[in-house]
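Participant: please work out how this folds:
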Amino acid sequence: MYSFLLALHSLVRWLVVITLAASVINAYRGWLGARPFGAGSRRLRMATVTIAHIQLILGICLYIISPVVKYFLENFGTAVKMREMRFFGMEHSSMMLLSIVLLTIGSAKAKRKSTSREQYKTIAIWYSIAFVILFFSIPWGFSPLTHRPYFRAF
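Facilitator: This is a model prediction of the structure:
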């Protein structure tokens, strides 16, 4: 179960990154180009938040059953001094949660705006902040914090 969830979480990360990047680009183009906020933009906003929430659920499940997190919680005093243990036991999960909270708030605020320009501006700002936090909290292969493979086998 753990290996399957880990592979699925790794795969869904790409959907989150792609939809979030597309949303940010779309928002800036709409905001700066004074485009109407149409059905496509609404679907992209909703898809981004929905996929991020699915990823959050997968992440919470992994957090609960992860042997790395279990070790971190049982040996906090020692584990907090270990870069990789601290990253997965505390940093990754808290930063990802923050990122998804920002996405959710940005989406909700944008939905309530009365003009297309305000909707795009709201999404551009909130999603950009969330994207930066999310991007630097992913254990990329090139990350100085810790790294994992880009794709995991099922």
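
Participant: distance from the chain centre to stretch 103-123, please.
Facilitator: Centroid displacement of stretch 103-123 relative to its chain, using C-alpha atoms, centre = their mean, to the nearest Å, is 18 Å.

Participant: next structured bit after the helix or strand containing Ala108?
Facilitator: With elements delineated by DSSP states H and E, Ala108 resides in helix 92-112, which encompasses its position. Tracing the chain C-terminally past helix 92-112 and defining elements by DSSP H and E, one meets helix 116-137 next.

Participant: can you give me the buried ones in that next one?
Facilitator: Judged by neighbour count (16 or more other C-beta atoms under 10 Å), helix 116-137 contains these buried residues: 116-117, 119-128, 130-131, 133-134, 137. Using the backbone N, CA and C atoms, a C-beta is placed for each residue, glycine as well.

Participant: just the mean pLDDT for that helix, thanks.
Facilitator: The average of the pLDDT scores along helix 116-137 is 97.

Participant: so that it lines up with my notes, have the first residue be 577 from now on.
Facilitator: Taking 577 as the first residue, the last one we looked at is helix 692-713.

Participant: and the contacts of that helix?
Facilitator: The set of residues external to helix 692-713 that reach it, using C-beta atoms under 8 Å, 6 or more residues apart in numbering, is 592-593, 596-597, 599-600, 602-604, 606-607, 610-613, 617, 621, 624, 667-668, 671-672, 674-676, 678-679, 681-683, 685-687, 689, 719, 721.
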